[in-house]
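Asker: sharing a sequence plus its predicted fold:
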Amino acid sequence: MLGLAGDAEAHRSDALLIAQGEQLVLRQGQAVEKINTHSVRKSILALLYGIAVEKRLIKLDDSLETLGFDDRVTPLSPLEKSATIRDLLSSRSGVYIDASGQNWQRPARHTSKPGERFFYNNWGFNALGEILEQETGMALGELIAAWLARPLGMEHFEPGDVDWDSIDGSSVRQYVIYMSADDLLRIGILVAAEGRWRGATVVSAEWIREITAAHSSTETDPKEAFGGGFFDGYGYLWWSREQSGRRLLCADGWGGQYIIIDPVSRVVLVNRRNTGTHLLAQGWFLWRGVETDRPYVYGLFERVNEVLRHD
């Protein structure tokens, strides 16, 4: 029906899944392999924060000072400690220090106050993982299993599919989530349905709207925004993009890991590139030097969405 035979091979996708509502439309490639999600991990974490807020385990306006959270290798200043969880979620922490997983230039330290400026900042993203564990008393893998995998009927995720990475310049570790394309598709369907899965609410609709709202414009300065120029807005760990008159919601990870959603038609596309099932395997992908084809995949989504909306 979609005429997509060969498309995965054409852009060297390792997995390509498409759904409309809860109806699977296309499933091809490595759908069951648990691959590094890269920055899609952040969008998954955003859902967990919504559940934690509902359970009254987290308050978005609590500061790092209030939480007693610090970087033990590079201690935070009083100004930096005034950053709130909301600032971290919206990538406006104003904390510009070494961070695991960040290889792009960051602003000079203390050049912005918390909440003042959008900058795609791995220190804040990484801190959110540790803060969630601290405030809930549960390991991140257990939280994903209990709050998302079980309610969504994920077939492959296990608590051990979360790893941690670190660097010398920071005590704050980077959480690394491995997940199959099959299970990521469930995440996309959940967001498209405003937090509902098969008639049950997993995350509130209000929270889905909050995390996908464009709290920051990212289209004007690609170097500062890291993703600006392709995406238009950033919410709480989710991107948005205006494409052909439609607003898309996007979880976007290095190496070709994408969840793309049209919240109106409820079409969801998941694209995966196999960058490895553990941290050491990523070197093989880097050595190959394969293009990640973001524009192609988003163009493919546009074609698919057009067909399904009029089917």
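Answerer: The structure has been received and is ready for your questions.

Asker: CA atoms for contacts and neighbours, from now on please.
Answerer: Noted.

Asker: quick check: Thr66 vs Thr84, distance?
Answerer: 9 Å (Cα to Cα, to the nearest Å).

Asker: so which of the two has more stuff around it?
Answerer: Thr84 (22 against 12; other Cα atoms under 10 Å).

Asker: which residue packs closest to Asp98, ignoring adjacent ones?
Answerer: Take Asp98 and drop its neighbours on the chain: the residue closest to it by Cα to Cα, 6 or more residues apart in numbering is Gly169, 5.4 Å away.

Asker: ok, now how distant is that neighbour from Tyr96?
Answerer: Taking Cα to Cα, one finds Gly169 at 12 Å from Tyr96.

Asker: helices or strands next to the host helix or strand of Leu249 in the packing?
Answerer: For Leu249, the host element (DSSP states H and E) is strand 246-253. With contacts defined as 3 or more Cα pairs under 8 Å, 6 or more residues apart in numbering; DSSP states H and E, strand 246-253 has these neighbours: helix 40-54, strand 239-243, strand 257-262.

Asker: the inter-axis angle of it versus helix 40-54?
Answerer: With axes from the mean of the first three to the mean of the last three Cα atoms, to 10 degrees applied, the angle from strand 246-253 to helix 40-54 works out at 110 degrees.

Asker: which residues of the stretch 151-300 of the chain fall in strands?
Answerer: For the stretch 151-300 of the chain, the strands defined by DSSP state E, counting those that start in this stretch cover 162-167, 170-179, 196-197, 200-201, 216-217, 227-231, 233-234, 239-243, 246-253, 257-262, 267-272.

Asker: Thr275 touches Ile35, doesn't it?
Answerer: Yes: applying Cα atoms under 8 Å as the test, Thr275 and Ile35 come out as touching, 6.8 Å apart.

Asker: what about the stretch 51-200 of the chain, any weak spots by pLDDT?
Answerer: Within the stretch 51-200 of the chain, no range satisfies pLDDT under 70.

Asker: try it again at 90.
Answerer: 101-105 (pLDDT under 90).

Asker: what are the ranges of the helices in it?
Answerer: Assigned by DSSP state H, counting those that start in this stretch, the helices in the stretch 51-200 of the chain fall at 64-67, 78-81, 85-89, 122-136, 140-144, 150-152, 181-192.

Asker: which among these is found nearest to Arg303?
Answerer: With distances scored as Cα to Cα, the stretch of these nearest to Arg303 is helix 181-192 (18.2 Å).

Asker: show me how far the closest one is from its chain's centre.
Answerer: 12 Å (Cα atoms, centre = their mean, to the nearest Å).
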